[in-house]
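J.: With the sequence up front, the predicted model follows.
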Amino acid sequence: MSLRTIVVAVTGSALTLTMARAARRHGIAARLRREPVPGRGVPPFLRERLAEALEAAAIAATPESALEVWGFAVVIAAVVGAGVSPVASAVLGVVVAVGLPVALGAAGARRDRLVVAAVPDTLELVGAELRTGGTVPIAIAAIADRESPLADDLTRVQSRVGLGASLDDALRAWARERPVFGVDAAAGALALSTRVGGQAAEALDGLAASLRERLAVAAEARSLSAQARYSAWVIGLLPVGWFVVTAVADPHSLQPLVATDAGRMCAGVGLGLEALGVWWMRVILRGGGEW
C-alpha cells in the first residue's frame, strides 16, 4: 500500500466524520431555533445573496452551513482525486467547486414551483375553514403554523397584519413579492373572502380546481418535452464529462490542449460555444413559458 493511498484514506475518513458531525449539529440547531443566527466571517453581501439562493432553491440551510458543506466537498473531491494523480485532484476539486454553485443556481425556481403547486390545496383549506364558521385570518394562521411551502409567505402576511396593515394590503404585498402563477388570483380571492365569509367557500374550491387543471396541462406539456430537455442536458454535459474522465484516466493526453497556445485557444472557443449552445437550448425549451 503506497503512502499516497494511506494519506487519502486517513484524510477522507477524517473529513467524512467531520461533515457527519457538522450535519448532526446543524439538524439539532435547526430544531431548536427557527431563525438562523448570522455567522462570523461571512461578508454581509455574500450572506444575503446566498440566503436568497438557498431560499429560492427551497434548501433549509443557513449560508454558513452551506459554505461549510461546499468547502468540505471541494476538499474531499481533491483528496479523492489525489489518490489517482495531482491532475485528477485539481480537476475534481474545480468540478465540485464550480458544480455545486451551478447546481444551486439551476435549482433557483424550486421554491416557486412548490408554492405554485401548494396554492390550490391552500385555497381548499381556507374554504373548509369558512364552512365551519371560521374566518380567513384564522385559516391563514393555521396554514402558517403547518409544514407547507406557503408557511413562510403566510407568516409574513400575518406579520404585516400584526404591524397594522389591513389583510387586503398584506395579501397584495404577498402577490407582489411572489409573482408566480396562481398567487395573484389566490390573493384576490382571499381578500374578497374576508368580506363575503362562508359564502365564498364554493368560489375558493372552484378557483382551486381551475388552477389544478391548468397545472395538470402544464405538467403534461413538460412530460412531452422531457426528451428534448434530457437531450439538451446530455449534449451540454458530455464534453465536460469527457474532459473529466480523460483527465483522471490519462492526464498526459490533455497536454496538447492545456500546455500549448493553440490548445488553450481551442479550449476557450469550445467552452464559449458550449455555453452559447446551453443558453440557446434553454431559450428554446422555455419559449412556451414556465406555466
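T.: Thanks, I have the structure now. Numbering: from 1, shown residues only.

J.: how much distance is there from whichever helix or strand residue 239 is part of to the middle of the chain?
T.: Following DSSP states H and E, the helix or strand that holds residue 239 is helix 226-249. Here the centre of helix 226-249 is set off from its chain's centre by 22 Å, with CA atoms, centre = their mean, to the nearest Å.

J.: Which strands and helices lie in contact with the host helix or strand of residue 101?
T.: For residue 101, the element it lies in under DSSP H and E is helix 86-106. If you count contacts as 3 or more CB pairs under 8 Å, 6 or more residues apart in numbering; DSSP states H and E, helix 86-106 packs onto helix 44-56, helix 63-82, helix 226-249. For glycine as for every other residue, the C-beta is placed from the backbone atoms N, C-alpha and C.

J.: just to revisit the earlier point, which strands or helices does whatever helix or strand comes next after the helix holding residue 239 pack on?
T.: Using DSSP H and E, the helix or strand that follows helix 226-249 in sequence is helix 255-258. Packing contacts for helix 255-258, counted by 3+ CB pairs under 8 Å, 6+ apart, involve helix 261-285.

J.: List the buried residues of the helix it packs on.
T.: Buried positions in helix 261-285, judged by neighbour count with 16 or more other CB atoms under 10 Å: 274, 281.

J.: where in the stretch 151-291 of the chain is pLDDT low?
T.: Filtered on pLDDT under 70, the stretch 151-291 of the chain yields the residue ranges 198, 285-291.

J.: Could you figure out how far the helix or strand that contains residue 125 is turned away from helix 44-56?
T.: Using DSSP H and E, residue 125 falls within helix 110-131. Taking axes from the mean of the first three to the mean of the last three CA atoms, to 10 degrees, helix 110-131 and helix 44-56 form an angle of 60 degrees between their directions.

J.: May I have helix 110-131 as PDB, with CA atoms only?
T.: Output of helix 110-131 as PDB, limited to C-alpha atoms (Å, rounded to 0.1, in the frame of the first residue of the first chain):
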ATOM      1  CA  ARG A 110     -37.700  25.200  -7.000                       C
ATOM      2  CA  ARG A 111     -39.400  27.300  -4.200                       C
ATOM      3  CA  ASP A 112     -41.700  29.000  -6.800                       C
ATOM      4  CA  ARG A 113     -42.700  25.600  -8.200                       C
ATOM      5  CA  LEU A 114     -43.500  24.300  -4.700                       C
ATOM      6  CA  VAL A 115     -45.600  27.400  -4.000                       C
ATOM      7  CA  VAL A 116     -47.500  27.100  -7.200                       C
ATOM      8  CA  ALA A 117     -48.300  23.500  -6.500                       C
ATOM      9  CA  ALA A 118     -49.500  24.400  -3.000                       C
ATOM     10  CA  VAL A 119     -51.800  27.200  -3.900                       C
ATOM     11  CA  PRO A 120     -54.900  25.000  -4.800                       C
ATOM     12  CA  ASP A 121     -54.600  23.000  -1.600                       C
ATOM     13  CA  THR A 122     -54.300  26.200   0.400                       C
ATOM     14  CA  LEU A 123     -57.500  27.600  -1.200                       C
ATOM     15  CA  GLU A 124     -59.400  24.400  -0.300                       C
ATOM     16  CA  LEU A 125     -58.200  24.600   3.300                       C
ATOM     17  CA  VAL A 126     -59.400  28.100   3.600                       C
ATOM     18  CA  GLY A 127     -62.700  27.100   2.100                       C
ATOM     19  CA  ALA A 128     -63.100  24.300   4.600                       C
ATOM     20  CA  GLU A 129     -62.400  26.700   7.400                       C
ATOM     21  CA  LEU A 130     -65.000  29.100   6.200                       C
ATOM     22  CA  ARG A 131     -67.600  26.300   6.000                       C
END
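
J.: How about residues contacting the helix holding residue 101?
T.: Outside helix 86-106, the residues that touch it by CB atoms under 8 Å, 6 or more residues apart in numbering are 53-54, 57, 59, 70, 73-75, 77-82, 240, 243-244, 247-248, 251, 254.

J.: Sounds good, over and out.
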